[in-house]
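[1] Need a 3D model of the sequence below.
(2 chains)
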Amino acid sequence: MIKVQPEDFDVGAELAALRQGRTDVGAVASFIGVVRDVAGPGELSAMTLEHYPGMTERQLAGLEAQALARWPLDRVLIIHRFGRLLPGDQIVLCAATSSHREAAFEACAFLMDWLKTKAPFWKLEEVDGQASWVAAKQDDENAAARWQTPVSKAAKNKT
Amino acid sequence: MKLLYFSWMRDRVGMAAETVWPPEDVTTVGQLITWLAQQSSSHAAAFADPSIVRCAVNQEYARAEEAVGPDDEVAFFPPVTGG
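    Model (predicted):
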């Protein structure tokens, strides 16, 4: 399931909904991204996330389909916020349910790495009263590239 | 052809969207970028370094050699920074 929204989300309620009615799911892995007040030498006062409506949903749905095809997952959830956020605010939630914890962990890492490099979001940071666009990081490209190598043991368990 | 700009591409071009009618010999993303860069000093500034400009045609990532046509929605933006 994909949600792109300005509103905050309740992690407990979202994870409970993800496994509702399923007693055969043994593993729920999740990742929550949060706004930090650290921005280089300065202190970040706010961050505004812009996105490309339409393409964002399309890319996230494709990402969800790829994760479901690659690992033996039951369900996938991606929630990504946009708009103006403050330090401590939640930005993103990725979760995957599976009978196997390796698959759930790996799928979450995959989702986050690909979100960082494929989902059309841009961060505008406000530091000391100055707004500037965040530059993309090569580290994020490198992290995403690891998923292009042959599938892991956890992924191979998919039948 | 409908164009969309995001993040600092929008700041540099000075608008979020525009409709353009490129000449018929503009058939690829790369050719469109070259043509757009000649349209104004703002466009020239936005497309000054094409290596840091990403493109989507009809909401799918597109490389310089990929085709564009009059009915397409073409978006230009910097490398993404979500998550």
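
[2] Now do the contacts for A:E7.
    By Cβ atoms under 8 Å, 6 or more residues apart in numbering or on different chains, the contact set of A:E7 is A:R81. To be clear about C-beta, it is placed using only N, CA and C from the backbone, and glycine gets the same treatment.

[3] Name the helix or strand for it, please.
    Using DSSP states H and E, A:E7 sits in no helix or strand.

[4] ok, which stretches of chain B are strands?
    Under the criterion DSSP state E, strands of chain B are mapped to B:2-5, B:17-19, B:54-57, B:60-61, B:73-77.

[5] Which among those is found nearest to A:R70?
    Among the strands of chain B, the nearest to A:R70 by Cβ to Cβ is strand B:60-61 (19.5 Å).

[6] ok, A:E57 touching A:V4?
    Yes - A:E57 is in contact with A:V4 according to Cβ atoms under 8 Å; the separation is 5.9 Å.

[7] Now for whatever residue of chain B ends up closest to chain A, how many residues are close by?
    Using Cβ to the nearest Cβ, the point where chain B gets nearest to chain A is B:G82, with a distance of 2.6 Å. Neighbours of B:G82 under the rule other Cβ atoms under 10 Å in any protein chain shown: 26.

[8] And the pLDDT at the nearest residue to it once chain neighbours are set aside?
    Excluding the flanking residues, the one nearest B:G82 by Cβ to Cβ, 6 or more residues apart in numbering or on different chains is A:F121, at 2.6 Å. Among the per-residue scores, A:F121 holds a pLDDT of 97.
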